[in-house]
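Novice: Here's my sequence, what's the structure:
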Amino acid sequence: MKKLIFGTLGVLSALLFVGILLRMGQSNPPREYKKLVETAEIGAAAAADGSVTAERQMLRSYITEFGYFHCDYIDYVKQCSQAQMTVWFNRSTLYKIPQALEQKYNKAFPQLHGMPFSFELIDERGNLVSQGTVLLQRQRGRYTFLRLSFENLDFSQFSQLTLRFCCDSLPQEDRAVTSMLVYHADMDRNSRTVTFAN
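Specialist: Sure, this is the predicted structure:
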């Protein structure tokens, strides 16, 4: 009887461990979302020798308030004034946001579906600097991954930049769901050369 109990516990523990590993794997961005995507602007900047220099911003926090969104792999290419970053969110974000608004206003809000979000870079004075363009989008398990680009940026002109997560299907006063700091002049960054195949 003891062997049966210990055997069952061992199998359950192994299944739990495998489940945790699978969940962790699903929440980690795919490989192509961790690197620079060759856009037309980056391709033009790399035309001379097939490479560009990218600065990767090292964030102090990779997750927004309430855990709605994650953001990482922020690359800035000065040669073409473009920044790219990867954002991802759990499917639960789509119902947690309306739930939070329902508690705030004591009225019903519609359920969010698909990919209802847009993204804006805001400077230290609250001015809109650039709107995000989705380069890549992929659903894996419970997570949606996005590789975004922002154009016409000169990081040296700003002391900080904040990524604002917006939902245009919500009322205007609530369309900015949350935000997080993605660039600060004092943050660490790593510079590297990225080469593209011709």
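Novice: What's the end-to-end length of stretch 31-48?
Specialist: Start-to-end span of stretch 31-48 (Cα to Cα, to the nearest Å) is 27 Å.
Novice: Check which residues of that stretch are buried.
Specialist: 33, 36, 37, 39, 41, 42, 45, 46 (16 or more other Cβ atoms under 10 Å). In short, each C-beta sits where N, CA and C put it, glycine included.
Novice: Out of those residues, list just those in helices.
Specialist: 41, 42, 45 (DSSP state H).
Novice: How about the contacts made by the first one?
Specialist: Contacts for residue 41 (Cβ atoms under 8 Å, 6 or more residues apart in numbering) come out as 77, 80, 81, 82, 151.
Novice: what helix or strand is the spatially most central residue of the chain on?
Specialist: Centroid-nearest residue in the chain, with Cα atoms, centre = their mean: residue 87, separated by 1.2 Å. Assigned by DSSP states H and E, residue 87 belongs to strand 82-90.
Novice: From the contact counts, what lies against that strand?
Specialist: strand 70-77, strand 117-123, strand 143-150, strand 160-167 (3 or more Cβ pairs under 8 Å, 6 or more residues apart in numbering; DSSP states H and E).
Novice: mind putting those strands in a markdown table, mean neighbour count and distance to residue 56 included?
Specialist: Formatted as a markdown table, those follow (neighbours: other Cβ atoms under 10 Å; distance: least, Cβ to Cβ, whole Å):
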| stretch | mean neighbour count | distance to residue 56 |
| --- | --- | --- |
| strand 70-77 | 22 | 5 |
| strand 117-123 | 19 | 17 |
| strand 143-150 | 22 | 14 |
| strand 160-167 | 20 | 15 |
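Novice: Make CSV from those strands and add distance to residue 196 and mean pLDDT to it.
Specialist: Below are the helices and strands packed on strand 82-90 laid out as CSV (distance: least, Cβ to Cβ, whole Å; pLDDT from 0 to 100):
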stretch, distance to residue 196, mean pLDDT
strand 70-77, 12, 95
strand 117-123, 25, 96
strand 143-150, 15, 96
strand 160-167, 26, 94
